[in-house]
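1. with the sequence up front, the predicted model follows.
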Amino acid sequence: MTDAFFGRRREANNALSATDQYLFSAAHLERTPEQMVLQAYRGWLSSSATGNFDNLEGAWNLFALKLGPKAARNVFDAYSQFVRTLGVCATCPLRMHGASCTCLCRDEAVVLGLFAALQ
């Protein structure tokens, strides 16, 4: 099967190679909106799981830098409600990669897809 994004054959198990997964993820994370969505998602999940708010603070700083503090507060509050709703409605625990990872897990890709569909 040929992957439309890369125009090359997938491996026999129909999965992208590790190199292709990295390139696909890295391309999406170069754009600021995707960075904001992913960093906030990872920040909320990691802070709720560990009680450490460093990643969440990093997400807030990115929002405030890009949107200004007032607009960032509104967006950040709405995003926190979005993540809480996902957690309540999900049939399994939400998953994520570490804050500095350039890979996307399935749940992160779904969240980015939801936001892309809303635009």
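-> Happy to help now that I have it.

2. helix, strand, or coil at residue 102?
-> Under the three-state scheme (DSSP: H, G, I helix; E, B strand; the rest coil), residue 102 adopts coil.

3. need the pLDDT of it.
-> Confidence per residue is given as pLDDT, and for residue 102 that number is 80.

4. for the protein, what's the longest helix?
-> Across the chain, the helix with the greatest residue count (assigned by DSSP state H) is helix 69-89.

5. need the contact list for the most centrally placed residue in the chain.
-> Central residue of the chain (Cα atoms, centre = their mean): residue 38, 2.6 Å from the mean position. Applying Cβ atoms under 8 Å, 6 or more residues apart in numbering to residue 38 gives the contacts 29, 104, 108, 111, 112. C-beta here means a position set from N, CA and C on the backbone, and glycine is covered the same way.

6. let me know the helix or strand that it is in.
-> According to DSSP states H and E, residue 38 maps onto helix 32-50.

7. now do that helix and helix 69-89, the angle between them.
-> Using axes from the mean of the first three to the mean of the last three Cα atoms, to 10 degrees, one finds that helix 32-50 and helix 69-89 are set 60 degrees apart in direction.

8. contact partners of the helix or strand just after helix 32-50?
-> Next helix or strand after helix 32-50 toward the C-terminus (DSSP H and E): helix 54-67. The list of residues contacting helix 54-67 from outside it, by Cβ under 8 Å, 6+ apart, reads 32, 35-36, 39-40, 42-44, 46-47, 72, 75-76, 99.

9. can you show me the CA trace of helix 54-67 as CSV?
-> Listed in CSV are the C-alpha atoms of helix 54-67, where the atom choice follows Å, rounded to 0.1, in the frame of the first residue of the first chain:
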residue,chain,number,x,y,z
ASP,A,54,6.0,22.1,34.9
ASN,A,55,4.7,20.9,31.5
LEU,A,56,1.4,22.7,32.0
GLU,A,57,3.2,25.9,32.8
GLY,A,58,5.3,25.5,29.6
ALA,A,59,2.0,25.2,27.6
TRP,A,60,0.6,28.3,29.3
ASN,A,61,3.7,30.3,28.5
LEU,A,62,3.4,29.3,24.9
PHE,A,63,-0.2,30.3,24.8
ALA,A,64,0.5,33.7,26.5
LEU,A,65,3.4,34.4,24.2
LYS,A,66,1.4,33.7,21.0
LEU,A,67,-2.0,35.0,22.0
